[in-house]
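Participant: turn this into a structure:
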Amino acid sequence: MPTTFLGSALRGTFFFIFGLWWSVRYPLKYLRRKDNAESQHSFGRAEIFEGAVKAFFALIGILVEQFVPTGPHLQLYSPKTQSWTDLTHWHYSTVYLFFLLSGIMDMVSHSPLKLPPGLDRLSLSVALFIEGLLFCFRDYSNAALDQHLHSLLAMAIFAGALCALLEVFLRDHIILETFRTSSFLLQGSWLWQIGSVLSPPWGGPGWDQTDHSNLTFLTMCFCWHYAGALAVLAANSAASRCCNESCQLKFGDIDVELDCGLCLRGAKRSSGGALLPESSSDDK
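Facilitator: Below you'll find the predicted structure:
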């Protein structure tokens, strides 16, 4: 089954949304890492929410791949034709399955069960590795351009898998988190590129599979996509820093006022307590 623009764009949107979310969340977490314990609890809730969203979208992806009109409807092998049924849909269903497990692990790892730390990153690394493995050994039917596009995609996938695996041992490492975020942004935008090359949304045939100059241009275009991902990271990191500084200035004044009020109240109470014995002695 050939790649469709809508399916590739939807999968790309999934990765791009997570990349955008992380490009704001991780810089804020890095800037607020020295805050009190309440911020740590808030980031734990963010992990649970993130896992729930990941699991929800992965489940929807499985249902869509299986129950679209042309889908296999959970039938893997057809006894009538004695052949496998719609392996492309099963391919993407398998990818979504491991991201569903990753989302569940995100929620369980930050629940009161207190599982060993790092299981959420390990499950994400496994999901990305499975995704890259399936793309590497997919049947491209001698379509050189299609295979080249997905080989470039596999590079971004395996880079994210390796980064997530390192995060199992180096938790909350801002460089690794940033690199993983850039790989997700790259995956998202490149899946959109794959859909527009193989199945243009404006209609007509895809790019010429036999033209080797297309391979050269798309390799260069892949580098441009990564440059765009880095630009998005830089812009969101700068915006996060400005937002964090403005919040500190705004709420810092309130904290100072509250501290001053508490100090004044404490001084009044202490002075009042010191005068009571004197007044009672005078009455005597």
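
Participant: in the strand or helix carrying I157, what counts as buried?
Facilitator: Assigned by DSSP states H and E, I157 belongs to helix 144-169. Judged by neighbour count (16 or more other CB atoms under 10 Å), helix 144-169 contains these buried residues: 145-150, 152-168. Using the backbone N, CA and C atoms, a C-beta is placed for each residue, glycine as well.

Participant: beyond that helix, next helix or strand please.
Facilitator: helix 174-198.

Participant: give me the contacts around stretch 56-73.
Facilitator: 1, 10-11, 14, 74, 85-86, 89-90, 92-93, 96-97, 99-100, 102-103 (CB atoms under 8 Å, 6 or more residues apart in numbering).

Participant: just to revisit the earlier point, who does the helix holding I157 touch, helix- and strand-wise?
Facilitator: helix 119-136, helix 174-198, helix 212-283 (3 or more CB pairs under 8 Å, 6 or more residues apart in numbering; DSSP states H and E).

Participant: number of nearby residues for the nearest residue to L165 once chain neighbours are set aside?
Facilitator: Once flanking residues are discounted, L165 sits nearest to S125: 4.2 Å by CB to CB, 6 or more residues apart in numbering. By the criterion of other CB atoms under 10 Å, S125 has 22 neighbours.

Participant: just checking, S125 touches A159?
Facilitator: No - here S125 does not reach A159: they are 11.3 Å apart, not a contact under CB atoms under 8 Å.

Participant: so the closest residue to F5 other than its chain neighbours versus H150, what's the distance?
Facilitator: Once flanking residues are discounted, F5 sits nearest to G195: 3.9 Å by CB to CB, 6+ apart. Using CB to CB, to the nearest Å, one gets 12 Å for the distance from G195 to H150.

Participant: same check on L218?
Facilitator: 11 Å.

Participant: strands of the stretch 1-150 of the chain, residue ranges please.
Facilitator: 77-78, 83-84 (DSSP state E, counting those that start in this stretch).

Participant: next, format those strands as TSV and append mean pLDDT, mean neighbour count and distance to D208.
Facilitator: TSV is the format used below for these (pLDDT from 0 to 100; neighbours: other CB atoms under 10 Å; distance: least, CB to CB, whole Å):
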stretch	mean pLDDT	mean neighbour count	distance to D208
strand 77-78	86	11	34
strand 83-84	88	10	30
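
Participant: out of those strands, which gets nearest to V24?
Facilitator: strand 83-84 (42.3 Å; CB to CB).

Participant: for the closest one, name the packing helices and strands.
Facilitator: By 3+ CB pairs under 8 Å, 6+ apart, strand 83-84 packs against strand 77-78.

Participant: hmm, who's touching the strand it packs on?
Facilitator: Against strand 77-78 from outside (CB under 8 Å, 6+ apart): S83, W84, T85.

Participant: and what of stretch 180-189?
Facilitator: Residues contacting stretch 180-189 (CB under 8 Å, 6+ apart): 12-20, 22-23, 26, 153, 156-157, 159-160, 163-164, 167, 225-226, 228-230, 232-233.

Participant: of those, buried ones?
Facilitator: Buried, going by 16+ other CB under 10 Å: 12, 14-16, 18-20, 22-23, 26, 153, 156-157, 159-160, 163-164, 167, 225-226, 229, 232-233, out of the contacts of stretch 180-189.

Participant: before we move on, the earlier item: any quick ChimeraX command for the buried ones out of the contacts of stretch 56-73?
Facilitator: To isolate the buried members of the contacts of stretch 56-73 in ChimeraX, using 16+ other CB under 10 Å:
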select :10,11,14,86,89,90,92,93,96,97,99,100,102,103
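
Participant: could you list which of the contacts of stretch 56-73 belong to helices?
Facilitator: 10-11, 14, 89-90, 92-93, 96-97, 99-100, 102-103 (DSSP state H).

Participant: for the record, mean pLDDT for stretch 45-59?
Facilitator: Mean pLDDT, computed over stretch 45-59, is 91.

Participant: export that stretch to PDB, keeping only CA atoms.
Facilitator: Extracted in PDB, the C-alpha atoms of stretch 45-59 (Å, rounded to 0.1, in the frame of the first residue of the first chain):
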ATOM      1  CA  ARG A  45       1.800  15.800  37.000                       C
ATOM      2  CA  ALA A  46       3.100  17.000  33.700                       C
ATOM      3  CA  GLU A  47       4.700  13.600  33.000                       C
ATOM      4  CA  ILE A  48       1.400  11.800  33.900                       C
ATOM      5  CA  PHE A  49      -0.600  14.200  31.600                       C
ATOM      6  CA  GLU A  50       2.000  13.700  28.800                       C
ATOM      7  CA  GLY A  51       1.800   9.900  29.100                       C
ATOM      8  CA  ALA A  52      -2.000  10.000  29.000                       C
ATOM      9  CA  VAL A  53      -2.000  12.100  25.800                       C
ATOM     10  CA  LYS A  54       0.600   9.800  24.200                       C
ATOM     11  CA  ALA A  55      -1.400   6.700  25.100                       C
ATOM     12  CA  PHE A  56      -4.700   8.300  23.900                       C
ATOM     13  CA  PHE A  57      -3.300   9.300  20.500                       C
ATOM     14  CA  ALA A  58      -1.600   5.900  20.100                       C
ATOM     15  CA  LEU A  59      -4.800   4.100  20.800                       C
END
